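A.B. asks: output the structure for:
(one chain, ligands or ions: 2)
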Amino acid sequence: MADKRPSWDEYFMGIAFQVATRSTCDRAHVGAVIVRERRILTTGYNGSPRGLPHCDDVGHLMVDGHCVRTLHAEQNAIIQAAYHGISVKGGTIYVTHQPCLTCAKMIINAGLVRVVYAGEYPDPYSTQFLLEAGVTLQHFPWPPEGKETPPVPVPPETAPAPRRSLFSYPLEEGAWVRLLRYEDAEAVARTVNQNRTHLRRWLAWVDGSRTVEDSRKFIASALQAMADDRGITLAIWVEGELAGLADLRIILRDNRGEIGYWLAEKFQGRGLITRTVSLLLDYGFSEKRLHRIAIVAATGNARSRAIPERLGFHHDGTLRGYSKLYDRYLDMEVYSVLRDEWVTPAQRR
Ligand SMILES: [Zn+2]
Ligand SMILES: [Zn+2]
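C.D. replies: Ligands and ions are numbered 1, 2, ... in the order given. Below is the predicted model:
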């Protein structure tokens with residue numbers, strides 16, 4: 001009996017879709033439901049301000065390819081709370097689409113701590129702003145197709161603390177690591193182009209990354225992966241220059257992660273990657289509660305292999321002919337560290 005009941009997320013998302021049917025702009029039927037402590041506070045759908053004509057009656061009001069006649073569903077849900085004098089602080093908003101940047105900013109300042117969205121409305125800046133503000137962003141495909149949703153821990157319903165400790169962290173004098181941002185595309189493209197020969201020695205993606213637009217696509221997918229809890233990508237900055245990237249990809253099913261990295265040639269030998277990987281290990285084990293984190297490095301790439309060796313990883317073995325690099329296959333070395341083996345920041349104190 002009990003397992004036939006919808007989960008809370010399914011229940012509230014279903015209501016958001018019901019709310020969306022009231023939208024008055026057929027360019028986007030969007031619904032939103034704000035919930036706290038499993039109780040609905042307010043709802044909203046895409047619609048004109050009160051007393052003004054609807055798109056359905058007088059047509060859209062198009063500016064730059066968007067209909068600007070309506071308030072968005074999220075905005076109407078937040079405004080409804082103001083209208084009735086209800087605080088939504090600490091609440092969750094269920095939306096049938098991913099919020100746009102304006103809605104994301106309103107969600108952050110309204111004190112909402114979690115966004116559950118169904119459809120895709122890819123806006124990299126919206127994703128980025130919510131991530132940096134510490135708002136949990138969770139994709140909930142609709143209809144749920146009867147499959148179990150991954151058990152994402154629901155954060156405590158308190159005002160979010162921006163995760164600055166990870167997203168902006170000093171490595172050494174003049175060197176910083178922080179969350180990769182959409183506006184970094186030009187810097188990424190520049191560094192890749194300046195280091196093409198150096199990076200191409202061991203990395204297969206380099207030939208496919210040439211323009212700023214290529215970098216934008218890559219960053220948008222990295223941000224989406226972060227929002228979907230499939231990983232995190234950090235940018236390493238040295239005196240205003242993007243020096244390299246490091247990422248932790250999460251395989252939720254196995255509760256494990258894999259770290260990758262690259263660095264511009266002129267910044268090698270300063271320990272920047274070692275310290276960044278160490279931060280990713282802290283994040284993966286402490287915050288994401290992963291069981292295992294691996295690094296896979298080409299057998300011939302001594303510099304890359306030195307990172308896990310220096311950090312005390314276990315050498316699991318060699319994967320023969322595992323990775324394709326242009327016209328040849330590379331042997332790869334697998335290194336891993338288990339949660340019990342890693343000394344977390346809390347234990348270091
Ligand atoms: Zn319209
Ligand atoms: Zn919006």
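
A.B. asks: sketch out the low-pLDDT regions of this protein for me.
C.D. replies: Where the chain drops to pLDDT under 70, the residues are 1-3, 121-122, 146-166, 349.

A.B. asks: just the helices in it please.
C.D. replies: 8-20, 55-58, 73-84, 101-109, 124-132, 164-167, 185-194, 196-200, 212-227, 272-282, 302-310, 345-348 (DSSP state H).

A.B. asks: out of these, nearest to residue 248?
C.D. replies: For residue 248, the closest of those is helix 272-282, at 4.6 Å, according to C-beta to C-beta. Placement of C-beta: from N, CA and C, glycine included.

A.B. asks: gap between residue 133 and ligand 1?
C.D. replies: Distance, residue 133 to ligand 1, by C-beta to the ion, to the nearest Å: 29 Å.

A.B. asks: just checking, that residue touches residue 111?
C.D. replies: No. Contact criterion C-beta atoms under 8 Å: residue 133 and residue 111 do not qualify, at 10.3 Å.

A.B. asks: burial count for residue 48?
C.D. replies: 18 (other C-beta atoms under 10 Å).

A.B. asks: tell me the contacts of it?
C.D. replies: Residue 48 is in contact with 24-25, 54-55, 69-71, counting by C-beta atoms under 8 Å, 6 or more residues apart in numbering.

A.B. asks: most neighbours among these, which one?
C.D. replies: residue 70 (25 neighbours).

A.B. asks: ok, now which ones touch that residue?
C.D. replies: 23-25, 46-48, 55.

A.B. asks: farthest-apart pair in those, please.
C.D. replies: Largest separation among those by C-beta to C-beta: 23 and 48, giving 10.4 Å.

A.B. asks: about what we covered before: report the entries of the contacts of residue 48 that also contact ligand 2.
C.D. replies: Here nothing survives when the contacts of residue 48 are matched to ligand 2 using C-beta under 5 Å from the ion.

A.B. asks: need these in TSV with distance to residue 118, can you?
C.D. replies: Below are these laid out as TSV (distance: C-beta to C-beta, whole Å):
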residue	distance to residue 118
24	20
25	18
54	24
55	22
69	24
70	19
71	20
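
A.B. asks: before we move on, the earlier item: for residue 253, find the nearest of the helices of the chain.
C.D. replies: helix 212-227 (15.0 Å).

A.B. asks: neighbouring contacts of the closest one?
C.D. replies: Contacts with helix 212-227, where a contact means C-beta under 8 Å, 6+ apart, come from 122, 124, 127-128, 130-131, 137-139, 179-182, 184-186, 188-189, 192, 208-209, 231-233, 247, 249.

A.B. asks: again, only using 6 Å
C.D. replies: 124, 127-128, 131, 137, 180, 182, 185-186, 188-189, 231-233 (C-beta atoms under 6 Å, 6 or more residues apart in numbering).

A.B. asks: then stretch 31-38?
C.D. replies: With C-beta under 6 Å, 6+ apart as the test, stretch 31-38 has contacts from 8, 12, 15-17, 19-20, 40-45, 73-74, 77, 88, 91-96.

A.B. asks: cool, stretch 269-288 as well?
C.D. replies: With C-beta under 6 Å, 6+ apart as the criterion, stretch 269-288 contacts 166, 171, 177, 236, 246, 248, 257, 259, 261, 263, 290, 293, 307, 310, 339, 342, 344-345.

A.B. asks: and the gap between the nearest residue to residue 40 once chain neighbours are set aside and residue 70?
C.D. replies: Closest residue to residue 40 apart from its sequence neighbours, by C-beta to C-beta, 6 or more residues apart in numbering: residue 33 at 5.9 Å. Distance, residue 33 to residue 70, using C-beta to C-beta, to the nearest Å: 18 Å.

A.B. asks: look up how far residue 270 lies from residue 139.
C.D. replies: From residue 139 across to residue 270, the span is 38 Å (C-beta to C-beta).
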